[in-house]
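**Student:** Pasted the sequence and its predicted model underneath.
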Protein chains: 2
Amino acid sequence: MRLLLIHVESLHYEAKIDTPIAVEIEEEEREREFGESLLVLYTTERQDEANPERSAELASLEIENYMSKIGDKPVILFPFAFLVSREEKSSSETAAKMGKLLRTAIGGTRVSAVPFGWYKKFSITSMGHKYAVHSARVMPD
Amino acid sequence: MRLLLIHVESLHYEAKIDTPIAVEIEEEEREREFGESLLVLYTTERQDEANPERSAELASLEIENYMSKIGDKPVILFPFAFLVSREEKSSSETAAKMGKLLRTAIGGTRVSAVPFGWYKKFSITSMGHKYAVHSARVMPD
């Protein structure tokens, strides 16, 4: 799994078009605005199939480690299919369940998630400091 | 080289902190706002060292192909060190010269570039349609 972590000043998204694998969403999830947060863009890879739970645990350690640099922030999980090329991606089943696995691994109550399987319009504003963007790759073995 | 192509409604950046490899910039390049454009976030990888010119050519073909879906737009080249993990990155020399190589490969006059080697605050707003985000990986061989 590849992770792109951004300490954001704000995030706005709007779920615009559903795909065949889209989750059902409540009306209030269709469009949301967040203030200062840790935005976690993630893309699952083929290697995650072997043990997605382990990938989620390793990702949560990366997130925790990053949070030690930027301070404790609410987390926004953003399923983002574009950190790898098509042939590197996991199945959509693994991608679909990663949000829940990450939420469990991270724990705590300050975790939000952007809906899976939708084409989303988004607006991302970074904080712009030295550690405002961080990337990592985690693999089960 | 990994590419993250975003059809943006707008992009704002501000070069905040220079690193030891930062390019010198004019005052008017320190902060800029763009309207609808094709934003090209790119990260050079070790594989690009062998033939960075070829990587740039392949990237320009990806950009051209993507542009055939979203229409002809001004291009913004954004050197972004975060699409791969540290051990996958090219040397900073190769990263530094890729902007110029891409500009040459793409050709035309409607190409802008965000300064290399600076920590940047940025605000990205996507168009949100089906093809608004695209990713690709190109390699010289």
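**Tutor:** Yep, it's here.
**Student:** Is the lengthiest helix in chain A in proximity to chain B?
**Tutor:** Identified as the longest helix of chain A according to DSSP state H is helix A:52-70. No - residues of helix A:52-70 are not located near chain B by CB under 8 Å from any CB of the partner chain, the shortest gap being 10.3 Å. Backbone N, C-alpha and C define where each C-beta goes, glycine included.
**Student:** by contact count, what packs against that helix?
**Tutor:** Packing contacts for helix A:52-70, counted by 3 or more CB pairs under 8 Å, 6 or more residues apart in numbering or on different chains; DSSP states H and E, involve strand A:2-18, strand A:37-43, helix A:92-106, strand A:133-137.
**Student:** Near chain B, which residues of chain A are found?
**Tutor:** Of all the residues in chain A, those lying near chain B are A:4, A:14, A:16-17, A:82-85, A:88, A:119-130, A:132-137, going by CB under 8 Å from any CB.
**Student:** so what's A:Asp21 closest to, chain neighbours aside?
**Tutor:** One thing to correct before we go on: residue A:21 is Ile, not Asp. Ranked by CB to CB, 6 or more residues apart in numbering or on different chains and with sequence neighbours excluded, the top spatial neighbour of A:Ile21 is A:Gly117, at 4.2 Å.
**Student:** count of neighbours near the one you found?
**Tutor:** 19 (other CB atoms under 10 Å in any protein chain shown).
**Student:** Please look at it and A:Ala96 and confirm they touch.
**Tutor:** Yes - with contacts defined as CB atoms under 8 Å, A:Gly117 counts as touching A:Ala96 at a distance of 7.0 Å.
**Student:** Identify the contacts common to the two.
**Tutor:** By CB atoms under 8 Å, 6 or more residues apart in numbering or on different chains, A:Gly117 and A:Ala96 have these common neighbours: A:21, A:23.
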